[in-house]
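**Student:** this one's structure only:
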DNA sequence: CCTAAAACATGACTTAGATCATAAATTACT
DNA sequence: AGTAATTTATGATCTAAGTCATGTTTTAGG
């Protein structure tokens, strides 16, 4: 979906400062959010306060549709990772979009499929694989759309929050993977080879 | 999607006996499968042979679209749980369906959203919660669309394969949950209250 | 450039759940 | 009904990863 199109339709941009909570678990979904600029993370938090990163969304992407489409309260927090500009599209407008923009409908199906694929992969990992395997899998996933020499700009804590592990375990794990030559690190940063 | 409609279009039903493997990880997706009758389970298997149930599909449902839509090899096995009748719809026909049956497109979006929702919930569980919490969550999920007094017809092993736990852990866990009154069991069977 | 904060590191100890082994209870089948 | 196969049950270890405590290094901001 072209963000400009939404703006042309008269939808308003809104600014969200870094760390702003866009929505919370339990809230009834009213909008789908399109990202003009910035970055948003979607996290669930367990009773004991442990965070799990369900996804990260960047400029050009949108989030919040599944809950809206099946009419169930959100189950995650979405929080601005950086200062961000979003367009909140309400239910009716979103359904209009699906109906009247045939390309969008197809694009949405593909997007949902991609996310489903990622979640299936992660589920298998969390259910069956041990720490190092899990770690290697997301690292490779994150490195996938990067160019050789580039380094991952995620912290060990974030890797922990994506894998359900603890920082210490991630630290020890990356070290081990680097020793085994399965990943390359330069001054602690994980680098694409 | 109405299965009858597909049959009317001239698509052929095919029989799959119980335990038949419909597709395997690594295969290039060519079809979306609609279930006329029977039941299919989708499982991933780790290197050490541990199975994880990604989903169970029943009559009227379809499976295999995500991989097809994003053109990536399957990552799970799909296996007939019972003798089943399926219709394999090829890529072109499936895209036709999306384009020309406006209701189907919307239905597909909803279906994908629902599955995404379930996977997000399970990811949070596997990443952050401990055994008993995980157990209680799927048990409640499974009990959800059942009527009071009815009993779950899944084995402890299947619960284990849905939660990433081991049978023994599931057995001890359900016992504990029953003692705490969080679930009700009758002769080992978990019963909806 | 200097300081504070964030991120990374490492050792010691604890624990939830896996693993292994063995048996009782159900269920399914001839 | 009787036997085999599956499922449930339970105790005894074992171990990967969590937890806690205390550094060191890197990064960011004035």
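**Tutor:** Great, that's in hand. Computed from a predicted model, the values in this text were never measured in an experiment.
**Student:** quick one: average pLDDT of whichever strand or helix holds residue A:107?
**Tutor:** Per DSSP states H and E, residue A:107 falls inside helix A:102-128. Here helix A:102-128 scores 94 as its mean pLDDT.
**Student:** try stretch A:162-174
**Tutor:** For stretch A:162-174, the per-residue pLDDT averages 97.
**Student:** Give me the contact list for it.
**Tutor:** If you take Cβ atoms under 8 Å, 6 or more residues apart in numbering or on different chains as the criterion, stretch A:162-174 is touched by A:52-53, A:125-126, A:131-132, A:134-135, A:138-139, A:154, A:156-157, A:159-160, A:183, A:185, A:190, B:126-128. Where you see a C-beta, it was placed from the backbone N, CA and C, and this is true even at glycine.
**Student:** Among those residues, name the ones in strands.
**Tutor:** Residues of the contacts of stretch A:162-174 located in strands (DSSP state E): A:52, A:53, A:185, A:190.
**Student:** Just give the closest residue to the last one, not the sequence neighbours.
**Tutor:** The shortest distance from residue A:190 to any residue that is not its chain neighbour, by Cβ to Cβ, 6 or more residues apart in numbering or on different chains, is 4.3 Å, and that residue is residue A:152.
**Student:** if I pick the one you found, what's in contact with it?
**Tutor:** A:139, A:142, A:143, A:146, A:189, A:190, A:191, A:192.
**Student:** Please give me every residue in contact with the second one.
**Tutor:** Residue A:142 sits next to A:152, A:154 when contact means Cβ under 8 Å, 6+ apart.
**Student:** Among the ones in strands among the contacts of stretch A:162-174, which one has the most neighbours?
**Tutor:** Counting neighbours by other Cβ atoms under 10 Å in any protein chain shown, residue A:52 leads these with 25 neighbours.
**Student:** sorry, back to before: farthest pair within the ones in strands among the contacts of stretch A:162-174?
**Tutor:** Greatest spacing in these, by Cβ to Cβ: A:52 and A:185 (24.4 Å).
**Student:** quick one, what contacts residue A:123?
**Tutor:** B:44, B:52, B:54, B:119, B:122, B:123, B:126.
**Student:** Which of the helices or strands spans the first one?
**Tutor:** So the one you mean is residue B:44. strand B:39-45.
**Student:** what about that strand and chain A, touching?
**Tutor:** Yes. Residues of strand B:39-45 contacting chain A under Cβ under 8 Å from any Cβ of the partner chain: residue B:44.
**Student:** which residues touch that strand?
**Tutor:** A:120, A:123-124, A:128, B:22, B:25, B:33, B:51-59, B:63, B:75-82, B:84, B:86, B:161.
**Student:** Could you do stretch A:55-74 as well?
**Tutor:** So stretch A:55-74 is contacted by A:1, A:3, A:23-42, A:75, A:78, A:81, A:91, A:94, A:108, A:111-112, A:115, A:118, B:109-110, B:113-114, B:116-117, B:120 (Cβ under 8 Å, 6+ apart).
**Student:** host element of the nearest residue to residue A:85 once chain neighbours are set aside?
**Tutor:** Of all residues not flanking residue A:85 in the chain, residue A:36 sits nearest, at 4.0 Å (Cβ to Cβ, 6+ apart). In the assignment (DSSP H and E), residue A:36 maps to strand A:31-37.
**Student:** Next, the angle helix A:102-128 makes with that strand.
**Tutor:** Strand A:31-37 runs at 90 degrees relative to helix A:102-128, counting by axes from the mean of the first three to the mean of the last three Cα atoms, to 10 degrees.
**Student:** Pull up the pairing partners for strand A:31-37, direction included.
**Tutor:** The pairing partners recorded for strand A:31-37 under DSSP bridges are strand A:62-63 (antiparallel), strand A:84-90 (antiparallel).
**Student:** contacting residues around that strand?
**Tutor:** A:1, A:3, A:6, A:13, A:22, A:40, A:57-65, A:68, A:78, A:84-91, A:94.
**Student:** how about 7 Å then?
**Tutor:** A:1, A:3, A:6, A:13, A:22, A:57-65, A:68, A:84-90, A:94 (Cβ atoms under 7 Å, 6 or more residues apart in numbering or on different chains).
**Student:** Where does pLDDT dip in chain A?
**Tutor:** A:1 (pLDDT under 70).
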